[in-house]
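Engineer: sequence and predicted model, in that order:
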Amino acid sequence: MLGLRTYNQSHWGKVAEALEGRLNTMAKPTSGGFSETYRRGQVMGMLLHAFHRSGQKERVIPLLEKEADVSQCYERLVDALCAAREQEKARKWCIVGFQRTAENASGIAVSLRNRLREMADKEKNHALVATYRAEEFFDNPSLAAYGELRKAGEKAGVWQQAREGMLSYLRTGRRPSRGGAAEAWPLPEPEVRRPADKPARQFKEFPDLDMLIRIAIQETRLDDVVSLYGELRKGKRYHFETDKAVADAVAGTHPQVSLDIWRFVVDGLIAQVKLKAYEEASVFLRRMCKVYHDNNRSTEWEGLLSELRREHKPKRRLMEVLDSLSGKKLLD
């Protein structure tokens, strides 16, 4: 195309020289905060690009090593070392970078820990992979993290022992370890670990009954679900999503538990005195209808509708919703 110039390696060499001079004269960040490191990181990124285009790829890793602590470019350095097949140096920088960012740049620290897990996976060190999956669960318990830990634990042949340790953690808040009270903990120590006084979740309460319940649902331990839910109900409320999950899970085995939960949810929705809330309540009333029918308790279903009509007679829009439920099986 007309008007465009072709830049060769010599041109890019001059660009690299200019950018290197600019980088060397920039004030170094003092706090390591994002706003301070961003501009320097931008210049450094352009310089790395110029090194590649000018045929000076051998200068990339030395620059990244020089800038690692200044610009917190640990992730880029580790990736470059892995691409150069310098695995042990990459591992070293993951560890160093994690230690230097765990407190003030947790996003970088987690990313470096993920790279250590990926290295362990490539080396087929399944036990170490499971260790890092456990660390992820400790930081932020979730069904997804629990599932990843299970897959890694099964590959390492230690899932059942690891599972008991994780459930104990959700009960007590104490991490299992080889040297701790839970001597059966089967996983090795991680190469990096967040300081004990710097947990990822500052306001976590134990026992974590919500997560214990969701795991029990996933594992189809329905008697445990009901037992754990009984514990949850003794404490503070604000567990509506867990309420609904429990009711759906145990409707076939513990119908009264489900009916009681759904009635609680329905009453809360009706109390909002909004048409949208009434319509949402009808969803749970339909579920109650099915449970009543499946357990030969249709008379109780009709009694519930009559009770709601008497109690909320002035709510005209709610009456319309209840009329849509009356006289139908609603079982499809």
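Structural biologist: All right, it came through fine.

Engineer: what residues sit buried inside stretch 217-230?
Structural biologist: I217, L222, V225, V226, L228, Y229 (16 or more other Cβ atoms under 10 Å). Just so you know, the C-beta spots here come from the backbone N, C-alpha and C atoms, and that holds for glycine as well.

Engineer: pLDDT wise, what is the fifth one at?
Structural biologist: Same thing as L228. At L228, the model reports a pLDDT of 96.

Engineer: that one sits in which helix or strand?
Structural biologist: In this structure, L228 sits in helix 222-234 according to DSSP states H and E.

Engineer: which is the next helix or strand following that helix?
Structural biologist: helix 240-250.

Engineer: show the average pLDDT along that following helix.
Structural biologist: Per-residue pLDDT values across helix 240-250 average out to 95.

Engineer: quick check: angle from it to helix 222-234?
Structural biologist: Here helix 240-250 points in a direction 150 degrees away from that of helix 222-234 (axes from the mean of the first three to the mean of the last three Cα atoms, to 10 degrees).

Engineer: put the alpha carbons of helix 240-250 into PDB.
Structural biologist: Taking Å, rounded to 0.1, in the frame of the first residue of the first chain, the C-alpha atoms of helix 240-250 are listed here in PDB:
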ATOM      1  CA  PHE A 240     -32.100 -18.100  50.800                       C
ATOM      2  CA  GLU A 241     -30.200 -19.700  48.000                       C
ATOM      3  CA  THR A 242     -29.100 -22.500  50.300                       C
ATOM      4  CA  ASP A 243     -32.700 -22.900  51.500                       C
ATOM      5  CA  LYS A 244     -33.900 -23.400  47.900                       C
ATOM      6  CA  ALA A 245     -31.000 -25.800  47.000                       C
ATOM      7  CA  VAL A 246     -31.800 -28.000  50.000                       C
ATOM      8  CA  ALA A 247     -35.500 -28.000  49.300                       C
ATOM      9  CA  ASP A 248     -34.900 -29.100  45.700                       C
ATOM     10  CA  ALA A 249     -32.400 -31.800  46.700                       C
ATOM     11  CA  VAL A 250     -34.400 -33.500  49.400                       C
END
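
Engineer: list the contacts for G97?
Structural biologist: Going by Cβ atoms under 8 Å, 6 or more residues apart in numbering, G97 touches A68, Q72, Y74, E75, L77, V78, I108, A109, L112.

Engineer: and the contacts of the helix or strand containing F284?
Structural biologist: Of the helices and strands defined by DSSP H and E, F284 is found in helix 275-294. Here helix 275-294 makes contact (Cβ under 8 Å, 6+ apart) with 247-248, 251-252, 255, 258-259, 262-263, 265-266, 269-270, 297-298, 300-301, 304, 315, 317-318, 321, 324-325, 329-331.

Engineer: going by neighbour count, which of those residues are buried?
Structural biologist: Buried subset of the contacts of helix 275-294 (neighbour count, 16+ other Cβ under 10 Å): 247, 251, 255, 258-259, 262-263, 265-266, 269-270, 297, 301, 304, 315, 318, 321, 325, 330.

Engineer: so of the contacts of G97, which ones are in helices?
Structural biologist: Among these, DSSP state H puts A68, Y74, E75, L77, V78, I108, A109, L112 in helices.

Engineer: any idea how many residues pack against the second one?
Structural biologist: I take that to be Y74. Counted by other Cβ atoms under 10 Å, the residues lying close to Y74 total 25.

Engineer: SS state for the closest residue in space to it that isn't next to it in sequence?
Structural biologist: Using Cβ to Cβ, 6 or more residues apart in numbering and skipping residues adjacent in sequence, the residue nearest Y74 is G97, 3.1 Å away. Under DSSP: H, G, I helix; E, B strand; the rest coil, G97 falls in the helix class.

Engineer: please name the nearest non-neighbouring residue to G235.
Structural biologist: Nearest non-adjacent residue to G235, counting by Cβ to Cβ, 6+ apart: L209, 7.6 Å away.

Engineer: burial of the one you found, as a residue count?
Structural biologist: L209 has 21 neighbours, counted by other Cβ under 10 Å.

Engineer: okay but it is in contact with E231, surely?
Structural biologist: Yes. Counting by Cβ atoms under 8 Å, L209 does reach E231; the two are 5.7 Å apart.
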